[in-house]
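**Student:** Sharing a model prediction with you, sequence too.
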2 protein chains.
Amino acid sequence: MKLYDYGAAPSPRRVRIFLAEKGLEIERIEVDLRTGQHLKPEFRALNPRGVVPVLQLDDGTCIDESIAICRYFEELQPEPPLMGTDAKSKAMVDSWVRHADFDGFLAVADAFRNSTPAFAKAGLPGADEPVPAIEALVDRGHASITRYFNRLNQRLAESSYLAGDSYTAADISALCVVDFAKWVKRTVPDTHTDLLRWYAEVSARPSASA
Amino acid sequence: MKLYDYGAAPSPRRVRIFLAEKGLEIERIEVDLRTGQHLKPEFRALNPRGVVPVLQLDDGTCIDESIAICRYFEELQPEPPLMGTDAKSKAMVDSWVRHADFDGFLAVADAFRNSTPAFAKAGLPGADEPVPAIEALVDRGHASITRYFNRLNQRLAESSYLAGDSYTAADISALCVVDFAKWVKRTVPDTHTDLLRWYAEVSARPSASA
């Protein structure tokens, strides 16, 4: 199997960290987003949505969406568990992964894409037609980042990790968002001591450099 | 356990259909979004993000995010399986659920919220401060709906259901999006015969009225 990847992008990083935590190594193929390789017919044949990462299985099946790829590896190799171990913990992981995506990742993406000249016609990733940037989304995105950081700090005041007592894909997802936020010059405020404690800890894991 | 629900909203419907397919009935508490009950301190104590649905377990734990609630019930009662049965099918379900959310649900929500006077200061759901509507998101949302319908039709030309040969949470998610799109006067075009075949079939299941 092969992972279509791009080293600098935040979504594939989630998969790379997940694989590192599982101790798995798989073949990677770099898709150069800067030169638009992801929008070419060859790549769209693998993923019509034109985004990375994509995992191509040996039977040719392509799995897109970073967290769906993580799910595949969680099932393939359950240890160490990163997506919960029972009904409640699995649901909590799913929930906090989605907070990272809807409240965090989309917020940073809005603030970034709509303020960056290179994305003036690429307000959404992967579209096969121009999607004009919308300037008003920059402020909306920044306000959402503030709310997301606040919620992470509140949660981490009462819980060691986002989904409970152990490190999971929810923490991997949020770590990728917090680092992605640096792209729009947002860092965790000094007042957010619980978020900073967690951030230092998850960033110190060897997987974080994946 | 209790499900905090709102009959007219598309996200909780996903949970209701899922429960109907499982043959499960649980206590429901209606949260009146029209009068802003979801933004009151009593509800925020259950879900700080101020959105429905929320599943409160008997130990007090609150699970938010509709698909995380579905995961909980999938684990509690695996039959009939609605989220895949092996690594590949589970990943495919996750992937197509996320397409429904990112490409479909968000697109309709953008087109709807930013064009509806009642949401002039509620561009995002659940925020605890005003989020001004952004008019340009209406066109962007409609263009995304078009792309999403196209992709659904392409996929359903080659597959009986979205994630493969059987009905899953991916179909439930997409059904909720297609019906939600009617809120902005979008229906599946006559040209999209495969999508229409699927839509007729999944809409005819008794669960669709949940």
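**Tutor:** On my side now, so go ahead.
**Student:** Kindly list the longest helix within chain A.
**Tutor:** When chain A is parsed with DSSP state H, its longest helix is helix A:136-158.
**Student:** so how far is that helix from its chain's centroid?
**Tutor:** 16 Å (CA atoms, centre = their mean, to the nearest Å).
**Student:** what is the mean pLDDT for the next helix or strand after it?
**Tutor:** The helix or strand immediately downstream of helix A:136-158 is helix A:169-181, counting by DSSP states H and E. When pLDDT is averaged over helix A:169-181, the result is 98.
**Student:** ok, A:Lys107 to chain B distance?
**Tutor:** Careful, residue A:107 is Ala; it's not Lys. 9 Å (CB to the nearest CB, to the nearest Å). (Glycine included, C-beta is placed from N, CA and C.)
**Student:** ok, that residue - contacts?
**Tutor:** A:Arg140, A:Gly141, A:His142, A:Ser144, A:Ile145, A:Tyr148 (CB atoms under 8 Å, 6 or more residues apart in numbering or on different chains).
**Student:** redo that, cut-off 6 Å
**Tutor:** A:Gly141, A:Ser144, A:Ile145 (CB atoms under 6 Å, 6 or more residues apart in numbering or on different chains).
**Student:** Would you mind checking which helix or strand in chain A has the lowest mean pLDDT?
**Tutor:** helix A:41-44 (a mean of 94; mean pLDDT, DSSP states H and E).
**Student:** Contacts only, for the residue with the largest distance to the centre of chain A.
**Tutor:** For chain A, the largest distance from the centre (CA atoms, centre = their mean) belongs to A:Asp59, which lies 26.1 Å off. With contact set as CB under 6 Å, 6+ apart, A:Asp59 has no partners.
**Student:** same question, A:Ala174
**Tutor:** Contacts of A:Ala174 (CB under 6 Å, 6+ apart): A:Ala100, A:Leu162.
**Student:** export the contacts of A:Ala107 to JSON lines and tack on neighbour count and distance to B:Leu46?
**Tutor:** Below are the contacts of A:Ala107 laid out as JSON lines (neighbours: other CB atoms under 10 Å in any protein chain shown; distance: CB to CB, whole Å):
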{"residue": "A:Gly141", "neighbour count": "23", "distance to B:Leu46": "27"}
{"residue": "A:Ser144", "neighbour count": "22", "distance to B:Leu46": "21"}
{"residue": "A:Ile145", "neighbour count": "22", "distance to B:Leu46": "24"}
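**Student:** near chain B, which residues of chain A?
**Tutor:** A:63-65, A:68, A:71-72, A:75-76, A:87, A:90-91, A:94-95, A:98, A:134, A:136 (CB under 6 Å from any CB of the partner chain).
**Student:** Tell me which of the residues you listed fall in strands.
**Tutor:** Within the residues of chain A next to chain B, residues falling in strands by DSSP state E are A:Ile63, A:Asp64.
**Student:** I'd like to know which of the residues of chain A next to chain B are buried.
**Tutor:** Among the residues of chain A next to chain B, those classed as buried by 16 or more other CB atoms under 10 Å in any protein chain shown are A:63-65, A:68, A:71-72, A:75, A:87, A:90-91, A:94-95, A:98, A:134, A:136.
**Student:** can you tell me which of the residues you listed lies nearest to A:Leu156?
**Tutor:** Nearest to A:Leu156 out of those is A:Ser95 (CB to CB; 15.0 Å).
**Student:** these two touch, right, that closest one and B:Ser66?
**Tutor:** No: in this structure, A:Ser95 is not within contact of B:Ser66 by CB atoms under 6 Å, at 9.9 Å.
**Student:** residue boundaries of the helices in chain A?
**Tutor:** In chain A, helices defined by DSSP H lie at A:10-22, A:41-44, A:66-76, A:87-99, A:106-113, A:136-158, A:169-181, A:193-204, listed in chain order.
**Student:** could you dump the third one to PDB, C-alpha only?
**Tutor:** If I follow you right, that is helix A:66-76. Extracted C-alpha coordinates of helix A:66-76, given in PDB (Å, rounded to 0.1, in the frame of the first residue of the first chain):
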ATOM      1  CA  SER A  66      -6.900  11.600   7.100                       C
ATOM      2  CA  ILE A  67      -9.000  10.300  10.000                       C
ATOM      3  CA  ALA A  68     -10.500   7.500   7.800                       C
ATOM      4  CA  ILE A  69      -6.900   6.400   7.000                       C
ATOM      5  CA  CYS A  70      -6.200   6.400  10.700                       C
ATOM      6  CA  ARG A  71      -9.300   4.300  11.300                       C
ATOM      7  CA  TYR A  72      -8.000   1.800   8.700                       C
ATOM      8  CA  PHE A  73      -4.700   1.400  10.600                       C
ATOM      9  CA  GLU A  74      -6.400   1.300  14.000                       C
ATOM     10  CA  GLU A  75      -8.400  -1.700  12.800                       C
ATOM     11  CA  LEU A  76      -5.300  -3.300  11.100                       C
END
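**Student:** and that helix with helix A:169-181, angle?
**Tutor:** Here helix A:66-76 runs at 150 degrees with respect to helix A:169-181, directions being taken by axes from the mean of the first three to the mean of the last three CA atoms, to 10 degrees.
**Student:** gap between helix A:66-76 and the chain center?
**Tutor:** 13 Å.
**Student:** go on, stretch A:195-210?
**Tutor:** 15 Å.
**Student:** contacting residues around that stretch?
**Tutor:** In contact with stretch A:195-210 (CB under 6 Å, 6+ apart) are residues A:Arg16, A:Ile17, A:Ala20, A:Glu21, A:Leu152, A:Asn153, A:Leu156, A:Asp171, A:Leu175, A:Val178, A:Val188.
**Student:** So which of those residues is surrounded by the most neighbours?
**Tutor:** A:Asp171 (27 neighbours; other CB atoms under 10 Å in any protein chain shown).
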